[in-house]
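*Asks:* here's my sequence, what's the structure:
(4 chains)
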There are 2 protein chains.
Amino acid sequence: MHTAKKLAPRWERRKEARPHEFIAAALDLFVERGFAATRLEDVAARAGVSKGTLYLYFDNKEALFKAVVQEGILPVIEEGETLLQQYQGPAAELLRIVVYRWWETVGVSQLAGVIKLMLSEAQNFPDVAQFHYDQVVLRGRRIFAFVVELGIRQGEFRALPVDHCVRLLLAPLLMLAIWRYSLGVCESEPIDADSYLRTYLDMALRGLAHGGAAGGPADQGSTT
Amino acid sequence: MHTAKKLAPRWERRKEARPHEFIAAALDLFVERGFAATRLEDVAARAGVSKGTLYLYFDNKEALFKAVVQEGILPVIEEGETLLQQYQGPAAELLRIVVYRWWETVGVSQLAGVIKLMLSEAQNFPDVAQFHYDQVVLRGRRIFAFVVELGIRQGEFRALPVDHCVRLLLAPLLMLAIWRYSLGVCESEPIDADSYLRTYLDMALRGLAHGGAAGGPADQGSTT
DNA sequence: CATATTACTGAACCGCTGGTTATTAAGAAA
DNA sequence: TTTCTTAATAACCAGCGGTTCAGTAATATG
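*Replies:* Below you'll find the predicted structure:
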């Protein structure tokens, strides 16, 4: 046992690379057809390999699904978290940065499809859902909560309930991502994400900022 | 009331009621387990009837799905449309009315689950998706567009791109509805919808209204 | 060369479920 | 009663797809 490395295999035998290849293939197909409608045989075929081989690397279909979700999204969250640490400046600007960065990495890519997939299949895979909730949803919210709290602390934003603001800020972004892989297929021309995000930031920042009261006889209610 | 029609059948033979019973049962199960994971046999069982009977009323599984979507949501849209016609007053108030009415009829009920279902399965059922898009999405958007345009016309709201505003207004509502049937299952305590909607309206109306500019060096871009 | 190990194959297995159909039985009609 | 219609059933079928496993070819070892 000296071999420290294998010679380049003349034919295909690549134990190391296989998992990623399967994950990439599964990502494509899951996003395209949904989890239930995706045949493992097709996944294997797209990975250039036979169906049985898949079971050398993953216990079953669910494990593959889990791997797709993990490997796809976790890096994005981590990147977002490091983004915050080194930032100084107005919260409004940070929000812009986070939003656009999110769109560049998630919205445009297939990761948007993974989000839709996770939302769709959450009920069928409680443990995958729990993992995703802990590692993606909560941490993702924390990123936005950080921005909102920063804004409040620096006097840019009103003192609104932070967790509600976070959800309100996230919803249009998530819907934008999901839509493409859902009823968006019925739309002839896809939405112009850039101008959508501009309007989003415009409205969101106005909604958060101090300034003239909104119309009518109801702002913060009194019930509860 | 005695004769004039069938005597109460001593046993179960109710041609009229069956479709609705099937739809109700299917609604429950589709929402609970998703379309693919729902067995027709279970649907029939919940309707208190045998599987074969289902095929006396629906051609196939997809037709049942279509019926669920149609029967569930269309009435809500129609109600919303009539709501607009008889309204006079500030647009901000109309938005509140529409939003709360929507939440009362859709958000709380299982119809929220249908929305999630449709979003999840859109890709797998192009024709159902197309129908839903035409009859629900477009008409639903039109309702919100009406409100926004009214506000602009009456000088309450800024002249923002209407279709973007509509999407931005809808997204938090849809996410609220979907969440419960998705990753919301991971949350111990469900969100307080009432206070969420209050914050939503607060931020949305401020975002729409005239008033102090939002922070930073970017409001309306120049394109469009 | 002989032997052992490893990555991979692919055909077969088998449970499941959408869909079908021959049969039954409840009323209505005569 | 007998006959006819029809709601409902239960047994059945076919195909699909996740999973398995005995086998194979390439490589490593001696």
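
*Asks:* pLDDT below threshold where in chain A?
*Replies:* Across chain A, the ranges flagged by pLDDT under 70 are A:1-13, A:212-224.

*Asks:* the same query, at a cut-off of 80, please.
*Replies:* Applying pLDDT under 80 to chain A flags the ranges A:1-16, A:211-224.

*Asks:* residues from it in reach of DNA strand C?
*Replies:* A:12-15, A:18, A:44, A:49-53, A:55-56 (C-beta under 7 Å from any atom of the strand). Glycine gets a C-beta too; all of them are placed from N, C-alpha and C.

*Asks:* show me those residues that map onto helices.
*Replies:* When DSSP state H is applied, the residues of chain A next to DNA strand C are split such that A:18, A:44, A:51-53, A:55-56 fall in helices.

*Asks:* buried among those? Make that a PyMOL selection.
*Replies:* A single PyMOL command selects the buried members of those (16 or more other C-beta atoms under 10 Å in any protein chain shown):
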select buried, chain A and resi 18+44
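
*Asks:* which one of the ones in helices among the residues of chain A next to DNA strand C sits closest to B:E121?
*Replies:* Checking those against B:E121 with C-beta to C-beta, the nearest one is A:A44 at 25.1 Å.

*Asks:* can you tell me the closest non-neighbouring residue to that closest one?
*Replies:* Once flanking residues are discounted, A:A44 sits nearest to A:K51: 4.5 Å by C-beta to C-beta, 6 or more residues apart in numbering or on different chains.

*Asks:* how about the contacts made by the one you found?
*Replies:* Each residue near A:K51 by C-beta atoms under 8 Å, 6 or more residues apart in numbering or on different chains is listed here: A:40-41, A:44.

*Asks:* what are the boundaries of the helices in chain A?
*Replies:* Going by DSSP H, chain A shows helices at A:18-33, A:40-46, A:51-57, A:61-85, A:91-102, A:111-121, A:126-132, A:139-153, A:162-179, A:193-208.

*Asks:* which among these is found nearest to B:T199?
*Replies:* Of those, nearest to B:T199 by C-beta to C-beta is helix A:162-179, at 4.1 Å.

*Asks:* list the buried residues of the closest one.
*Replies:* Result for helix A:162-179 [16+ other C-beta under 10 Å]: buried residues A:162-179.

*Asks:* restrict those to contacts with chain B.
*Replies:* A:164-165, A:167-168, A:170-172, A:174-176, A:178 (C-beta under 8 Å from any C-beta of the partner chain).

*Asks:* and the residue of chain A found nearest DNA strand C, how far is that from A:A44?
*Replies:* Closest to DNA strand C within chain A is A:G52: 1.6 Å, counting by C-beta to the nearest atom of the strand. The gap separating A:G52 from A:A44 is 8 Å, by C-beta to C-beta, to the nearest Å.

*Asks:* wait, isn't A:E156 in contact with A:A91?
*Replies:* Yes. Contact criterion C-beta atoms under 8 Å: A:E156 and A:A91 qualify, at 5.2 Å.

*Asks:* so what's A:Y196 closest to, chain neighbours aside?
*Replies:* B:H164 (5.3 Å).

*Asks:* enumerate every residue touching that neighbour.
*Replies:* B:H164 neighbours (C-beta under 8 Å, 6+ apart): A:195-196, A:199-200.

*Asks:* okay, the residues you listed in a markdown table with neighbour count next?
*Replies:* A markdown table is the format used below for those (neighbours: other C-beta atoms under 10 Å in any protein chain shown):
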| residue | neighbour count |
| --- | --- |
| A:S195 | 15 |
| A:Y196 | 19 |
| A:T199 | 22 |
| A:Y200 | 23 |
